[in-house]
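Visitor: Generate a structure from the sequence data that follows.
(2 chains, ligands or ions: 1)
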Amino acid sequence: MESKPPGEDVNNVVSMRQAEAPKRWSDRLSDLAKTKDKALYIQLFKHFAPKVKAYIIRLGLVETTAEELMQETMLAVWRKAHLFNPSKAAASTWIFTLARNQSIDWMRKQKYPEYGLESWHEEPDDESDVCEQVVTSDRMAKVISQLPEDQAQVIYMSFYEGRSHSDISARLGVPLGSVKSRIRLASGKIKMMWSDDV
Amino acid sequence: MNIKHHLDEATLMSYAAGSMSQAMALVVACHLSMCTACRNRAHESEAIGGMLLDNLKPAPVGDDALAQVLACIDGLPELEAEPSGASLNTSLNNRASCEKAESFSSNNDQITSASSVPSPLDDYIGSSLEHIEWNRIVPGVHYHDLPCKTERGGVSRLLRIAPGKAMLPHSHDGNELTLILRGSFTDEVGRFTVGDIADLDNEIQHQPLVDSNEDCICLIATDAPLKFSTLLGKIVQPMTGF
Ligand SMILES: [Zn+2]
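Guide: Coordinates of the predicted model:
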């Protein structure tokens, strides 16, 4: 992937298909917390481990490291399942954050400052307008597929390639301010679509 | 806590993607630990990452990967119900993976009172603002450097500024995040009190003035050196490292 220009795979994002029944996986993950059922865990592993590894490889890490970090991430899924709250997030979102933190920590040999997994578990509060997160992955795929390409590209380069705003700015040859406003625009559309659908 | 100044959307997205320097991410995580509104926005941004994960073409995993992870699980003591606890000695290929996983359940609660330290900052300075070793820049202005990695020569530090003091006017080449931990200041953007975050980029030049009765303590990170707009600032910059 080093040989490709940054963001080239943006078509993958644009042509994204609907993810397969994310709610089912969220239910399984929250059942796992209650039951500690190995058979359930194995199902989750078989579904998510290859995706987690693919994500880590996209961040630019080599195969053996990606394999190792994938195993650590999946181990964390088992150990932290009790912190998962299906009304707050889809299983894939929660597992994404575990994989992200493992990878960043490894790359920096330092901890990615984290605001606390507990907040994944807190009860929804009144002042905020928390939607049913379990269905968001579906919607999100739909929304991202409708973004203009320059906006999908900055989202892609942030999440899949782990690039900072200034790095994206340098690579695309556009000012930092434009990178940030593309991200804001994309985010605004995604969130608008969210509230429309609820 | 009445928080009026929040994180920029682009900043939150960068944090959620994991594409931020450790220094900048620390300030973001601290604000998130204090601010429910931004925490909910962060969850929404992270949902984008989840969606991308859902849609990734799977990469083949090692034949024995599942067996290895299951073996590690079997070696775990039954401590899942109590999240924090003793370090684990079970090992999977002596990778210390279990210990590593353990280390990040130590983030406890959100900030509870004005005098306590946001939990992500705990790891760097302990749980109190009272025992920090300060270095003096000029009378009334002190700093304490944090050992965070930054890109492009940015810094991460705590600043303690006496009432009535102003910081030097400056603009930014990159981004600057400032989180108020104690006291307050006012600048061209508005008034900032405990929990507020100033999330500025290179568009803005500002000169914060401390307007509280007590020293104002803030956590600052930049991802590039600041540009001072006065001659004094240019002279002081090499001394302060900003
Ligand atoms: Zn906020």
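
Visitor: how about the residues of chain B near the ion?
Guide: Contact residues, chain B versus the ion (Cβ under 5 Å from the ion): B:6, B:35, B:38. Where C-beta positions appear, they are placed from N, C-alpha and C, glycine not excepted.

Visitor: residue contacts, B:H142?
Guide: B:H142 makes contact with B:134-136, B:159-161 under the criterion Cβ atoms under 8 Å, 6 or more residues apart in numbering or on different chains.

Visitor: Max pairwise distance over those: which two?
Guide: When the contacts of B:H142 are compared pair by pair using Cβ to Cβ, the two farthest from each other are B:N135 and B:I161, 13.3 Å apart.

Visitor: what kind of secondary structure is the residue nearest to the spatial centre of chain B in?
Guide: For chain B, the residue whose C-alpha lies nearest the mean C-alpha position (Cα atoms, centre = their mean) is B:L26; its distance is 1.6 Å. Secondary structure assignment for B:L26 (DSSP: H, G, I helix; E, B strand; the rest coil): helix.

Visitor: what's the helix or strand where A:K180 lies in contact with?
Guide: Taking DSSP states H and E as the definition, one finds A:K180 inside helix A:176-197. The set of residues external to helix A:176-197 that reach it, using Cβ under 8 Å, 6+ apart, is A:129, A:131, A:136, A:139-140, A:142-144, A:146-147, A:150-152, A:154-155, A:158, A:165-166, A:168-169, A:172, B:8-10, B:12-14, B:44-45, B:48, B:174-175, B:201-203.

Visitor: List the buried residues for it?
Guide: With burial defined by 16 or more other Cβ atoms under 10 Å in any protein chain shown, the residues of helix A:176-197 counted as buried are A:176, A:179-187, A:189-191, A:193-194.

Visitor: Now do the same for A:S128: its pLDDT.
Guide: Turning to A:S128, the model gives it a pLDDT of 40.

Visitor: Tell me how many other residues surround residue 69.
Guide: Defaulting to chain A. When neighbours are counted by other Cβ atoms under 10 Å in any protein chain shown, A:L69 registers 24.

Visitor: you looked at the wrong chain, it should be chain B
Guide: Each residue near B:V69 was counted by other Cβ under 10 Å, and the total is 25.

Visitor: How many residues are close by B:N2?
Guide: Each residue near B:N2 was counted by other Cβ under 10 Å, and the total is 7.

Visitor: Quick check: helices, which of the contacts of B:H142 are part of them?
Guide: Members of those lying in helices (criterion: DSSP state H): none.

Visitor: So which of those is the closest to A:A76?
Guide: The nearest member of the contacts of B:H142 to A:A76, counting by Cβ to Cβ, is B:L159 at 35.3 Å.

Visitor: Surely the closest one touches B:V141?
Guide: Yes - using Cβ atoms under 8 Å, B:L159 and B:V141 qualify as a contacting pair, with a distance of 7.2 Å.

Visitor: what do the two both touch?
Guide: The contact lists of B:L159 and B:V141 share B:M167, where a contact means Cβ under 8 Å, 6+ apart.

Visitor: longest helix of chain B?
Guide: Max-length helix for chain B by DSSP H is helix B:36-55.

Visitor: With just CA atoms, put that one into CSV.
Guide: Output in CSV follows, covering the C-alpha atoms of helix B:36-55 (Å, rounded to 0.1, in the frame of the first residue of the first chain):
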residue,chain,number,x,y,z
THR,B,36,-20.6,15.2,28.0
ALA,B,37,-21.5,17.0,24.8
CYS,B,38,-18.2,16.5,23.1
ARG,B,39,-18.1,12.9,24.4
ASN,B,40,-21.3,12.2,22.5
ARG,B,41,-19.9,13.9,19.4
ALA,B,42,-16.7,11.8,19.8
HIS,B,43,-18.8,8.6,19.8
GLU,B,44,-20.5,9.7,16.6
SER,B,45,-17.1,10.3,15.0
GLU,B,46,-15.9,6.9,16.2
ALA,B,47,-18.9,5.4,14.6
ILE,B,48,-17.4,6.4,11.2
GLY,B,49,-14.4,4.2,12.1
GLY,B,50,-16.8,1.4,13.0
MET,B,51,-18.5,1.7,9.7
LEU,B,52,-15.2,1.6,7.9
LEU,B,53,-14.2,-1.5,9.8
ASP,B,54,-17.5,-3.2,8.9
ASN,B,55,-16.8,-2.6,5.3
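
Visitor: what comes up buried for the following helix or strand past that helix?
Guide: With elements assigned by DSSP H and E, the helix or strand that comes after helix B:36-55 is helix B:65-75. Residues of helix B:65-75 classed as buried: B:65-66, B:68-70, B:72-73 (neighbour count, 16+ other Cβ under 10 Å).

Visitor: now do stretch A:64-84
Guide: A:65-84.

Visitor: if you look at those residues, which of them are in helices?
Guide: Restricting the buried residues of stretch A:64-84 to those inside helices, with DSSP H as the criterion, leaves A:65-80.

Visitor: any idea which of the residues you listed is closest to A:P50?
Guide: Using Cβ to Cβ, A:M70 is the member of those that lies nearest A:P50, at 8.3 Å.

Visitor: Chain B: helices as residue ranges?
Guide: Using DSSP H, the helices found in chain B span residues B:9-17, B:22-34, B:36-55, B:65-75, B:97-103, B:119-125, B:231-240.

Visitor: An error on my part: the question was meant for chain A.
Guide: A:10-14, A:22-35, A:38-58, A:63-80, A:91-108, A:136-146, A:149-159, A:165-172, A:176-197.

Visitor: Pipe these into CSV and attach distance to the ion and mean pLDDT per row.
Guide: As requested, these are arranged in CSV below (distance: least, Cβ to the ion, whole Å; pLDDT from 0 to 100):
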stretch, distance to the ion, mean pLDDT
helix A:10-14, 28, 50
helix A:22-35, 26, 88
helix A:38-58, 28, 96
helix A:63-80, 25, 96
helix A:91-108, 19, 92
helix A:136-146, 21, 68
helix A:149-159, 20, 91
helix A:165-172, 19, 91
helix A:176-197, 15, 83
